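1. Curious how this folds, go ahead:
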Amino acid sequence: MMKLGKVTLWCLAIGAILISLACSTQQTSTPIGPTSTPMSPALTPTVADCLSSETAELTWPQLSHVEPTQMAPGGEIKVIGSGGYLRCEQGGYIHRNESVRPFQLYLDDQPVSTIVCYVNHCEVKFAVPSDMSPGTHIISVEGGSTITIEVTVH
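-> You can find the predicted model right below:
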């Protein structure tokens with residue numbers, strides 16, 4: 001049997017604590033319920049995505065960036081974000097249900113597409129309407145996260 005010294009055991013204990021802390025990042029999650037952005041009942045996740053004995057909290061998608069940030073009317077845009085998963089908890093045991101989830105995406109409060117989230121990554125591509133006026137416009141997603149884009153003249 002291998003004999004470990006006190007210093008080695010101490011280093012192993014500190015390493016285990018650091019790994020534990022690094023893996024337990026704080027997540028922003030809220031119970032499933034009303035949001036500031038209108039929600040499509042067909043797209044809204046349900047508690048059924050966790051076990052019936054678990055408490056479910058939804059971590060809403062957070063829009064992080066768009067590519068490109070400026071485009072002409074009719075141009076294609078990619079919206080990227082994170083979140084969009086359920087946090088399931090039972091008796092102190094917490095796990096994420098990161099299966100595929102769709103969320104309604106809005107452009108100036110009008111439904112424009114569905115953003116899909118999977119394993120804490122959300123992404124969608126869609127065409128900006130060809131009749132969109134030049135200027136700053138707001139993209140939002142169920143849960144309330146927003147990001148702006150700039151529509152320019154050719």
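2. Report the secondary structure state of Ile94.
-> Using DSSP: H, G, I helix; E, B strand; the rest coil, the secondary structure recorded for Ile94 is strand.
3. any idea which element the residue nearest to it when sequence neighbours are not counted lies in?
-> In space, and not counting its chain neighbours, Ile94 is closest to Arg87: 6.4 Å by Cβ to Cβ, 6 or more residues apart in numbering. Bear in mind the C-beta positions are built from the backbone N, C-alpha and C, glycine included. Arg87 is part of strand 85-90 when elements are defined by DSSP states H and E.
4. now the helices for the protein?
-> Taking DSSP state H as the test, the helices found in the chain are 6-23.
5. before we move on, back to that, which strand residues bridge the residue nearest to Ile94?
-> Glu57, Arg96 (DSSP bridges).
6. list the contacts for it?
-> 27, 29, 56-59, 94-97 (Cβ atoms under 8 Å, 6 or more residues apart in numbering).
7. Now flag whichever of the residues you listed is closest to Gly81.
-> Of all the contacts of Arg87, Thr59 has the smallest distance to Gly81: 11.1 Å, by Cβ to Cβ.
8. do you know how far the residue nearest to Ile94 is from Val100?
-> According to Cβ to Cβ, to the nearest Å, Arg87 and Val100 sit 16 Å apart.
9. close enough to count as contact, Ile77 and Leu63?
-> No: using Cβ atoms under 8 Å as the test, Ile77 is too far from Leu63 to be in contact (11.7 Å).
10. follow-up on the earlier one: now the angle between strand 93-97 and the strand holding Arg87, please.
-> 150 degrees (axes from the mean of the first three to the mean of the last three Cα atoms, to 10 degrees).
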